[in-house]
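**Q** pasting a predicted model and its sequence here:
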Amino acid sequence: MTLKQFQVIKLVTVIALAAIFGQGIVRENYLIPLVALVIAVLVLFYLRSKVKEVIADERDWQTGGKAASIAIQIYAWFAVILMLILYAQRNLNPSYLPIAATLAYSTCFLMLLYALIFRYYQKFSLSDKKIFYLIAIIIVIIVVAVFGLRLFSGEDDWICQDGRWIEHGHPSFPAPDKECK
């Protein structure tokens, strides 16, 4: 496979994923976009290994590393400042508090992930055990996703039954405004 063919396949994959994600959000079905994303990543990894040309050289990797480092720093500063502003304004609008907490935790997670990956690249090379580490990372991401789904699964939530919102557990917020179908 040539590099140009691979790039065309990547572009078509991104367009298809955008359409699948859009339909998934409109239909409130989030499992299909998640499955499509995992399949697309695996297929693209496989197809990338079939490319016979040079995809990137050392300068590309060095430039990408610098760009990623600067992007992470800019995001972290922006998120922390916005988090502090939202947290300070939480008395004006209670919905600012979960947004601030999300920004704080996502920034901490991003910085921790960056530090772990940076330390990994300092100590190990990905040449011999590339597949093993890739599978380990995918397993960790799946475990974190399952834990996150379990954490936010809605033990204390409102459930739609027979056209009415039924209290499940002890939700700390009122029933949704949208119609229960």
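**A** Alright, I've got the coordinates. Numbers count the residues shown, from 1 in each chain.

**Q** and the lowest-mean-pLDDT helix or strand in the chain, how far out from the chain middle?
**A** In the chain, no helix or strand scores lower on mean pLDDT, DSSP states H and E than helix 130-151, which sits at a mean of 74. Centroid displacement of helix 130-151 relative to its chain, using CA atoms, centre = their mean, to the nearest Å, is 12 Å.

**Q** do stretch 64-82 as well
**A** Remark: stretch 64-82 is offset 16 Å from the chain centroid, using CA atoms, centre = their mean.

**Q** C-alpha coordinates for it, PDB please?
**A** Extracted C-alpha coordinates of stretch 64-82, given in PDB (Å, rounded to 0.1, in the frame of the first residue of the first chain):
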ATOM      1  CA  GLY A  64       5.300  16.600  16.800                       C
ATOM      2  CA  GLY A  65       6.800  16.000  20.300                       C
ATOM      3  CA  LYS A  66       7.400  19.700  20.700                       C
ATOM      4  CA  ALA A  67       4.000  20.700  19.400                       C
ATOM      5  CA  ALA A  68       2.300  18.100  21.800                       C
ATOM      6  CA  SER A  69       4.200  19.400  24.800                       C
ATOM      7  CA  ILE A  70       3.300  23.000  24.000                       C
ATOM      8  CA  ALA A  71      -0.300  22.100  23.400                       C
ATOM      9  CA  ILE A  72      -0.600  20.200  26.700                       C
ATOM     10  CA  GLN A  73       0.900  23.200  28.500                       C
ATOM     11  CA  ILE A  74      -1.500  25.700  26.900                       C
ATOM     12  CA  TYR A  75      -4.500  23.400  27.600                       C
ATOM     13  CA  ALA A  76      -3.400  23.000  31.200                       C
ATOM     14  CA  TRP A  77      -3.000  26.700  31.800                       C
ATOM     15  CA  PHE A  78      -6.300  27.500  30.100                       C
ATOM     16  CA  ALA A  79      -8.200  24.800  31.900                       C
ATOM     17  CA  VAL A  80      -6.800  25.800  35.300                       C
ATOM     18  CA  ILE A  81      -7.600  29.500  34.900                       C
ATOM     19  CA  LEU A  82     -11.100  28.700  33.600                       C
END
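
**Q** please shift the residue numbers so they start at 26 in all later answers.
**A** Shifting the count to begin at 26 puts that one at stretch 89-107.

**Q** same question for it, mean pLDDT?
**A** Here stretch 89-107 scores 90 as its mean pLDDT.

**Q** residue ranges with poor pLDDT in the protein?
**A** Along the chain, segments meeting pLDDT under 70 span 149-156, 174-181.
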